[in-house]
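**Student:** Structure for the following, please:
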Amino acid sequence: MTRLLRIPEGGGSRIVKSALVAALVLGYARSDAQYATVDIDTLTVRRATELAVAYHPSVRGAEAGVRSATGAYRQAFSAYLPSLSFNASDTHNEGVFVFTPTSGTRNQIYSTYAASFSAQQTVFDFGRTIGRVSASSNLVDASTMDEVANRNSLMMNVEIAYFTVMQTVRVVRVNEEAVDAAQRHLTQARAFYSVGRRPQLDVTKAEVDLANANVNLIRARNALQVARVQLENTIGVRLLPSVVLPDTFAVYAVSPRLDSLRSEALRRRPELLAAHARMGASSALITAAWTQHLPVLSATGSYNWSNFETSPLYPRWVAGLTLSLPIFQGFAIDAQVQQAEANEEIARAALDQLTQSVLLEVEQNYLSLEEAQERLAATVKLVEQAEQALVLAERQYAAGVGTQLDVTDAQLTRSNARITNIQALFDLNSSLVRLNRSVGLMP
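**Tutor:** Model prediction:
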């Protein structure tokens, strides 16, 4: 699934600087030698995912898994090729030797020299090598898909962590504006009290509202710092205090049907492809295990040089065919076949269970995305109504027909409405990322 429609909120992207820079300064004070520090001016979502792929340790582990599987495949494939070895020896002999019972003993000192090349080639093993090579090849495919799945999960986590920073930045803004509004209301209440239009209680209430607003702002700024730390941890790097993050929240319209998404997930999801490959490897290992009942035909040959002391080396060569047929191995081969068949059943059950989980994940993320779209549309209207209610409450209070409690309630309602809208926008963006990940469409 592709992102079909992207409409930036607020007329375009905005650069987040205010509260974020302060949190970055606090976070940068930490020292951790396990993380590289990246000197960049602007961190976009795409750049963040690129850094994660370059620096996060899980990527190195997944790549090492592919190299390990490739090495195992090369080991299995080497059975197709001949083995060639070279041996050389220099032996010194000294002592009393008895050549025949009637000749007596003789002191003898001599040295022998020998060198040889030997080769061996499996001619035919009735599919044993083919099964092992096929299994190893499937395991390489599975490891490759595991690496893709790891990258997809990492990029999803990075994008969600990035959106979390964007969410907390906006919440900080809301609380900063709430503090400014509370300060204005306190100033207004004091002015009204000084001329006798309002009682002392309004001033006290305005002071309490300002204190509560400051507490909420402190919490929001701390949440921003935590979100920034989580983003760095997800990427696997430390960011400089001067870095800025573009506000990339956007509103998406999603048109694909759920059925098409589920079909796409079954076709593209790397975890499913890896599970299919592992099941294929298990099937190939059954064949490889069963063919151990059959004979193995091998060709051998050697070329040797040997002689005594300083005499010239005399050559000779040997060649032959060897047929090896296991007759009885204590039921070990039957046990290996039984184990291979059980492993195939385990792989098949794991594939079936994973398929159900993937389909459930796709449907859940799709429904979450639809719910977030509907909730976002509702919260937009909610914010508009809260803004109008606050304006009306402030006008009534200034005209002397409203109370400070009305203004406080209206201010709190507006702040909650805006935070609810931010949460819906975050849920929409993160749900789309999760849906792309569940379908297997991460870039």
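
**Student:** How about Lys205: what's its closest non-neighbour residue?
**Tutor:** Of all residues beyond its chain neighbours, the one nearest Lys205 is Gln404 (4.8 Å), with distances taken as C-beta to C-beta, 6 or more residues apart in numbering. All C-beta atoms are positioned from the backbone trio N, CA, C, and that covers glycine.

**Student:** Check the gap between the one you found and Ala213 for me.
**Tutor:** Gln404 sits at a distance of 14 Å from Ala213 (criterion: C-beta to C-beta, to the nearest Å).

**Student:** Now stretch 51-63: buried residues?
**Tutor:** Residues of stretch 51-63 classed as buried by neighbour count (16 or more other C-beta atoms under 10 Å): Leu51, Ala52, Val53, His56, Ser58, Val59, Ala62.

**Student:** Which strand or helix spans the fifth one?
**Tutor:** Ser58 is located in helix 57-77, with elements delineated by DSSP states H and E.

**Student:** Report the mean per-residue pLDDT for that helix.
**Tutor:** The pLDDT scores in helix 57-77 average 94.

**Student:** Could you name the helices and strands sitting against that helix?
**Tutor:** Other elements packing on helix 57-77 under the criterion 3 or more C-beta pairs under 8 Å, 6 or more residues apart in numbering; DSSP states H and E are helix 128-194.

**Student:** Who are the packing partners of the helix it packs on?
**Tutor:** Counting contacts by 3+ C-beta pairs under 8 Å, 6+ apart, helix 128-194 packs against helix 18-28, helix 45-55, helix 57-77, helix 200-235, strand 245-247, helix 270-290, helix 404-439.

**Student:** Now render these as TSV, adding distance to Thr91.
**Tutor:** Output for these, formatted as TSV (distance: least, C-beta to C-beta, whole Å):
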stretch	distance to Thr91
helix 18-28	70
helix 45-55	57
helix 57-77	34
helix 200-235	64
strand 245-247	75
helix 270-290	42
helix 404-439	67
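
**Student:** Going by mean pLDDT, which of those comes out lowest?
**Tutor:** helix 18-28 (a mean of 41).

**Student:** Can you classify Arg238 by secondary structure?
**Tutor:** What DSSP: H, G, I helix; E, B strand; the rest coil gives for Arg238 is strand.

**Student:** correct me, but Ala417 touches Val380?
**Tutor:** No - Ala417 is beyond contact range of Val380, at 9.6 Å (criterion: C-beta atoms under 8 Å).

**Student:** So for the two, which sits in the more crowded spot?
**Tutor:** Ala417 (22 against 15; other C-beta atoms under 10 Å).

**Student:** Output stretch 272-281 in PDB, but only the C-alpha positions, please.
**Tutor:** Taking Å, rounded to 0.1, in the frame of the first residue of the first chain, the C-alpha atoms of stretch 272-281 are listed here in PDB:
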ATOM      1  CA  LEU A 272       5.900 -14.900   6.200                       C
ATOM      2  CA  LEU A 273       8.500 -15.300   3.400                       C
ATOM      3  CA  ALA A 274      11.100 -16.300   6.000                       C
ATOM      4  CA  ALA A 275       8.700 -18.900   7.500                       C
ATOM      5  CA  HIS A 276       8.000 -20.400   4.100                       C
ATOM      6  CA  ALA A 277      11.700 -20.700   3.400                       C
ATOM      7  CA  ARG A 278      12.300 -22.400   6.800                       C
ATOM      8  CA  MET A 279       9.500 -24.900   6.000                       C
ATOM      9  CA  GLY A 280      11.100 -25.600   2.700                       C
ATOM     10  CA  ALA A 281      14.400 -26.100   4.500                       C
END
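
**Student:** Please enumerate residues in contact with that stretch?
**Tutor:** 134-136, 138-139, 141-143, 145-146, 149, 265-266, 344, 347-348, 350-351, 354-355, 358 (C-beta atoms under 8 Å, 6 or more residues apart in numbering).

**Student:** change it to 6 Å
**Tutor:** Applying C-beta atoms under 6 Å, 6 or more residues apart in numbering, the contact partners of stretch 272-281 are Ala135, Asn138, Leu139, Asp141, Ala142, Met145, Asp146, Ala347, Arg348, Leu351, Leu354.

**Student:** Once you drop chain neighbours, what's closest to the second one?
**Tutor:** Spatial nearest neighbour of Asn138, excluding adjacent residues (C-beta to C-beta, 6+ apart): Ala281 at 3.8 Å.

**Student:** same deal with the fourth one?
**Tutor:** Across the structure, with C-beta to C-beta, 6+ apart as the measure, the residue nearest Asp141 apart from its sequence neighbours is Ala277 (4.1 Å).

**Student:** Kind regards, and thank you for your time.
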